[in-house]
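Engineer: using only what follows, build the 3D model:
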Amino acid sequence: MTSADHAHDLPLLDQIERYYDAAPRSAARAEDFGPLTLFVRRGETGWHYYARPTLGHDGPAATAEDVRRVLERQRELGAPEAFEWVAEQNPELRAAVEAAGLAVHEHPLLVLSPQDEPAPAPVLPDGVEVRVLGPDAPELAQAVAVPHVAFGSLGTAVGAAGAPELAQSVAALQAEGGVARIARRITDGITVLAAALSGDSALCAGQYIPVGPVAEVVGVGTLPVARRQGLGLAVTAALVAHARAHGARTVFLSAADEDVARIYRRAGFRPFATALIAEPAAPRA
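Structural biologist: Okay, the predicted model is just below:
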């Protein structure tokens, strides 16, 4: 039995827990805080990571004091004060992070297991195609930037942000090395990116990150002016098909809220757990 086969034989929550511990390690180092592990990005650029429960920890559960120790280290590093975990796997952590002064947000986790059939990809508007992009694709910069614009205008309603905002995002990402970083991850097989394209313009894009037989779909976002055309579903369907064709047996994702989760259920995903994200509470007006 291979290690991939063994991972697939684990219960779903254990598969996801192992995935969450492994995925950041391609671009981050791990600092040990007993019941908690802090992932710290390598270098001065790239994604900031978070703290989460230590995989396989069999000692006392994390306390508010443990959380405060991690928060102090995150402040020292200039990293976001953030914790992420699965509620059903570590239910006791919520009380500790709230006692340390953080606010907790809930996000549905949805999965396509090997026995689950994805829904057919939606029919695309005329002139639009979905493609998996290589590291040298001329559309890559826009495809990397589209979700940044999308997440600046949350929700699923059609919005005003379009080509001008996309151009600004492309320029900012190129200046700080974000596009080159994704290109390297694609080259290294750490990330796969798909985009819905109209000519040479990216309207929607997303990625998946594979770790053994498990893949997480992340960062699917549609340019606000192009919403309500099924583009997010089409990109998600392309990512799922590519992941399964390249060995992923379990594909999962987290949704921003229940409205977004309903869209992914239309793609064949089913809810199985709740992701919790803790961060400092927003100041009161």
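Engineer: residues contacting Ala100?
Structural biologist: By CB atoms under 8 Å, 6 or more residues apart in numbering, the contact set of Ala100 is Ala64, Val67, Arg68, Leu71. In this view, the C-beta of every residue, glycine as well, is placed from N, C-alpha and C.
Engineer: quick one: the second one and Leu36 touch, right?
Structural biologist: Yes: with contact taken as CB atoms under 8 Å, Val67 and Leu36 are classed as touching, separated by 7.2 Å.
Engineer: excluding chain neighbours, what is closest to Val128?
Structural biologist: Spatial nearest neighbour of Val128, chain neighbours left out: Ser198 (5.1 Å); criterion: CB to CB, 6 or more residues apart in numbering.
Engineer: okay, now the one you found: neighbour count?
Structural biologist: 16 (other CB atoms under 10 Å).
Engineer: please state the backbone phi and psi of it?
Structural biologist: phi -120, psi 100 (degrees, to the nearest 10).
Engineer: quick one: strands adjacent to the one helix or strand Leu276 maps to?
Structural biologist: Counting by DSSP states H and E, the element that carries Leu276 is strand 270-280. Using DSSP bridges, the strands paired with strand 270-280 are strand 83-86 (antiparallel), strand 102-112 (antiparallel).
Engineer: buried residues in that strand?
Structural biologist: Phe272, Ala273, Thr274, Ala275, Leu276, Ile277, Ala278, Glu279 (16 or more other CB atoms under 10 Å).
Engineer: among these, which two are most distant?
Structural biologist: Across these, no pair lies farther apart than Phe272 and Glu279, at 23.7 Å, counting by CB to CB.
Engineer: burial of Arg228, as a residue count?
Structural biologist: Arg228: 10 neighbours (other CB under 10 Å).
Engineer: export the buried residues of strand 270-280 to JSON lines and tack on distance to Glu117?
Structural biologist: Output for the buried residues of strand 270-280, formatted as JSON lines (distance: CB to CB, whole Å):
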{"residue": "Phe272", "distance to Glu117": "16"}
{"residue": "Ala273", "distance to Glu117": "21"}
{"residue": "Thr274", "distance to Glu117": "24"}
{"residue": "Ala275", "distance to Glu117": "24"}
{"residue": "Leu276", "distance to Glu117": "29"}
{"residue": "Ile277", "distance to Glu117": "30"}
{"residue": "Ala278", "distance to Glu117": "35"}
{"residue": "Glu279", "distance to Glu117": "36"}
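Engineer: which of those lies closest to Pro224?
Structural biologist: Distance to Pro224 across these (CB to CB) is lowest for Ile277, with 23.1 Å.
Engineer: and that closest one, how close does it get to Leu133?
Structural biologist: Plainly put, Ile277 is 28 Å away from Leu133 if you go by CB to CB, to the nearest Å.
Engineer: just Trp47 next, same as before
Structural biologist: 19 Å.
Engineer: neighbour count winner among the two?
Structural biologist: More crowded of Trp47 and Leu133, by other CB under 10 Å: Leu133, with 22 against 12.
Engineer: Thr54 contacts Leu38, correct?
Structural biologist: No: the pair Thr54 / Leu38 is not scored as a contact, 9.9 Å apart, by CB under 8 Å.
Engineer: which is the next helix or strand following the lowest-mean-pLDDT helix or strand in the chain?
Structural biologist: Confidence across the helices and strands of the chain bottoms out at helix 3-9, with a mean of 42, counting by mean pLDDT, DSSP states H and E. As assigned by DSSP H and E, the chain's next helix or strand after helix 3-9 is helix 12-22.
Engineer: export that next one as CSV, just CAs?
Structural biologist: Only the C-alpha atoms of helix 12-22 are listed here, as CSV (Å, rounded to 0.1, in the frame of the first residue of the first chain):
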residue,chain,number,x,y,z
LEU,A,12,-12.4,12.3,5.8
LEU,A,13,-11.7,14.7,8.6
ASP,A,14,-8.3,13.1,9.2
GLN,A,15,-7.5,13.5,5.5
ILE,A,16,-8.3,17.1,5.6
GLU,A,17,-6.4,17.7,8.9
ARG,A,18,-3.2,16.1,7.3
TYR,A,19,-3.8,18.2,4.2
TYR,A,20,-4.0,21.5,6.2
ASP,A,21,-0.7,20.6,8.0
ALA,A,22,1.1,19.7,4.8
